[in-house]
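In: Following is a predicted model, sequence given first.
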Amino acid sequence: MPKNQVIMSIGLWIVIFVAFYFILIRPQKKKDQKLREMRDSIEKGDTVVTIGGIIAKVTRVEEDKIILELGPNRTKVPFEKWAIGRVVEKVSKDEVVEVEEKIEE
């Protein structure tokens, strides 16, 4: 195999890898980073939706768990942080702020 063909085939693989990086890998990393930041910013009093569709109010935030208050009986259920899909309402110090930013899919 001539040197020129070897260089061309190696160059083609590099171009393919760079294209995959910018089309698939980089956007997914940005989405994961945004999700991680959202989950780390959850505070007591926020209203969240789990990935299973449960809407609940946060009563306590631990390192890797969140205690959610569900339903009219105010049942408290522990959830892993990774199970939170989005924040519906964010509670600030004086007022409730509606969160309109959703994770882009």
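Out: In hand now; what should we look at? Keep in mind that what you see is a predicted model, and the values were worked out from it rather than measured.
In: Next one: the spatially most central residue of the chain from I23, what distance?
Out: The residue lying closest to the centre of the chain (C-alpha atoms, centre = their mean) is L35, at 2.0 Å. L35 is 20 Å from I23, where distance means C-beta to C-beta, to the nearest Å. Glycine gets a C-beta too; all of them are placed from N, C-alpha and C.
In: re the thing from before, going along the chain from the helix or strand containing the residue nearest to the centre of the chain, find the next helix or strand for me.
Out: Following DSSP states H and E, one finds L35 within helix 26-40. Counting by DSSP H and E, the next helix or strand C-terminal to helix 26-40 is strand 47-50.
In: Paired strands for whatever helix or strand comes next after that next one, with orientation please.
Out: Moving toward the C-terminus from strand 47-50, the next helix or strand (DSSP H and E) is strand 55-61. Sheet pairing of strand 55-61 (DSSP bridges) gives strand 47-50 (antiparallel), strand 65-70 (antiparallel).
In: quick one: buried residues of the last one?
Out: Residues 66-68 are the ones in strand 65-70 that count as buried (16 or more other C-beta atoms under 10 Å).
In: Of the strands paired with strand 55-61, which is nearest E89?
Out: Relative to E89, the nearest member of these by C-beta to C-beta is strand 47-50, separated by 4.1 Å.
In: Could you list the low-confidence segments of this protein?
Out: 1, 92-105 (pLDDT under 70).
In: tell me, which helix in this structure spans the most residues?
Out: helix 3-20 (DSSP state H).
In: if we look at that one, which residues are touching it?
Out: Helix 3-20 has contacts (C-beta atoms under 8 Å, 6 or more residues apart in numbering) with no other residue.
In: Now do it and helix 26-40, the angle between them.
Out: 30 degrees (axes from the mean of the first three to the mean of the last three C-alpha atoms, to 10 degrees).
In: packing partners for the helix or strand hosting K90?
Out: In the assignment (DSSP H and E), K90 maps to strand 84-91. Judged by 3 or more C-beta pairs under 8 Å, 6 or more residues apart in numbering; DSSP states H and E, strand 84-91 is in contact with helix 26-40, strand 47-50, strand 96-98.
In: Right, I'll call it a day here.
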